[in-house]
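**Student:** Here is my input; please provide its structure:
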Amino acid sequence: MTKPKTMREVKEMYDRGANIMKLFHELEPGATNSLRAILTSYDLQSGSYIKFVTEHPEFVDNYMGTLARLLDGMLPASLLEAGVGEATTLVNVLARMTKVPAEAYGFDLAWSRIACGNEYAAAKKVSPHLFVGNVMEIPIQDDSFDVVYTSHTVESNRGREKDILRELYRVARRYLVLLEPSNELGSEESKRHIEEFRYCRDLPRHAAELGYKVIEHRLYDYHWSQRNQTSLMIIEKGLASQARDNEYCRTDFYACPACKRPLEMHKGNYYCRECFLVYPVIGGIPCLATAHGILASKYLEKA
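**Tutor:** Sure thing, here's the model as predicted:
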């Protein structure tokens, strides 16, 4: 295989039908997927998830409708989807909840997917707050959201399961809901798929070793693909909800991904007084990964 030298060449290979994750497996031998592989693969796919849900309305009703009913029972005043992608799950869940949380947020590693997600949300007349962030260093303050959930987000991160669970648990107040592949519960075909793509493994064991209270673990009712079946795992954190009605409103969820101190808005960008880092807002999208931070100790004075 000829090794691509530029991202444009990778994009051309993707356009010709190459599986980007498998391409990186050849370029980066090992047991895990690199952050670069995950970002590249999902960024180049931007728009494909919207196309899928548009073409499969029955699946949307089943998968998202079931999740909406589950979340309704938790009465969240605030909700965060980690790894929101193009917001296809979050938007359709919010549209099906009987009582929409006052605050609904979502983040993804790829700016292009968030941009697509904002367009999709606007078309559906749903208004979650979407931003760029890394699930390994979530730019949110501790105990911020009543419910945090994922939908095939931990999936690609074999070897990082515990670190990601710690971050998700840190920002949740009451419940952490994980819709992820399962090597324990999935079919033999799903187990082969998990190994082929270096997907996450043993999430219940990792949660137990971290001391988390798993109150439910089973195969989910619906699956994107029978080759990659979805399991449901619910972790109860049990902190009291800050509110249970739509009068609840916060504007200070964001935190510096490096130090977790609150960020402040200044001249259209976010700033950390502790780290002296500026996190840019590009196309209306906050970019809140440490890789985006610009060291600027004089920003508040000079900008």
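**Student:** got the residue ranges for the strands in the stretch 51-200 of the chain?
**Tutor:** All strands of the stretch 51-200 of the chain, identified by DSSP state E, counting those that start in this stretch, fall at 78-82, 103-108, 129-132, 145-151, 172-181.
**Student:** these two touch, right, residue 178 and residue 152?
**Tutor:** No. Counting by CB atoms under 8 Å, residue 178 does not reach residue 152; the two are 9.7 Å apart. The C-beta positions use only the backbone N, C-alpha and C, and glycine is treated the same way.
**Student:** Between those two, tell me which one has more neighbours.
**Tutor:** Remark: of residue 178 and residue 152, residue 178 carries more neighbours, 28 against 18, as counted by other CB atoms under 10 Å.
**Student:** pLDDT score assigned to the closest residue in space to the more buried one that isn't next to it in sequence?
**Tutor:** Closest residue to residue 178 apart from its sequence neighbours, by CB to CB, 6 or more residues apart in numbering: residue 233 at 4.4 Å. What the model reports as pLDDT for residue 233 is 98.
**Student:** partners of the helix or strand containing residue 233 in the sheet?
**Tutor:** Counting by DSSP states H and E, the element that carries residue 233 is strand 230-236. Strand 230-236 has the following sheet partners, assigned by DSSP bridges: strand 172-181 (antiparallel), strand 213-219 (antiparallel).
**Student:** now the angle between strand 145-151 and it, please.
**Tutor:** Counting by axes from the mean of the first three to the mean of the last three CA atoms, to 10 degrees, strand 230-236 lies at 160 degrees to strand 145-151.
**Student:** after strand 230-236, next one along is what?
**Tutor:** strand 264-266.
**Student:** thinking again about what came up before, report the beta-bridge partner residues of the residue nearest to residue 178.
**Tutor:** Counting by DSSP bridges, residue 233 is bridged to residue 178, residue 217.
**Student:** for the closest residue to residue 113 other than its chain neighbours, helix, strand, or coil?
**Tutor:** Nearest residue to residue 113, sequence neighbours excluded (CB to CB, 6+ apart): residue 46, at 4.8 Å. Three-state assignment for residue 46 (DSSP: H, G, I helix; E, B strand; the rest coil): coil.
**Student:** Give me the residue at the spatial middle of the chain.
**Tutor:** The chain has residue 83 as the residue nearest its centroid, 1.2 Å off, counting by CA atoms, centre = their mean.
**Student:** Who are the contact partners of that one?
**Tutor:** By CB atoms under 8 Å, 6 or more residues apart in numbering, the contact list for residue 83 reads 107, 108, 109, 135, 150, 151, 152, 153, 154.
**Student:** Would you check how far apart it and residue 17 are?
**Tutor:** 25 Å (CB to CB, to the nearest Å).
**Student:** now swap in residue 69 and tell me
**Tutor:** Counting by CB to CB - residue 69 and residue 17 are separated by 38 Å.
**Student:** Which one's more surrounded, those two?
**Tutor:** Under the neighbour definition other CB under 10 Å, residue 69 and residue 17 were set side by side, and residue 69 has more, 13 against 6.
**Student:** Where is the longest helix in this structure?
**Tutor:** Once the chain is assigned using DSSP state H, the helix that runs over the most residues is helix 57-72.
**Student:** That helix: which residues count as buried?
**Tutor:** Neighbour-count burial for helix 57-72, counted by 16 or more other CB atoms under 10 Å, picks out 60, 63, 64, 65, 66, 67, 68, 70, 71.
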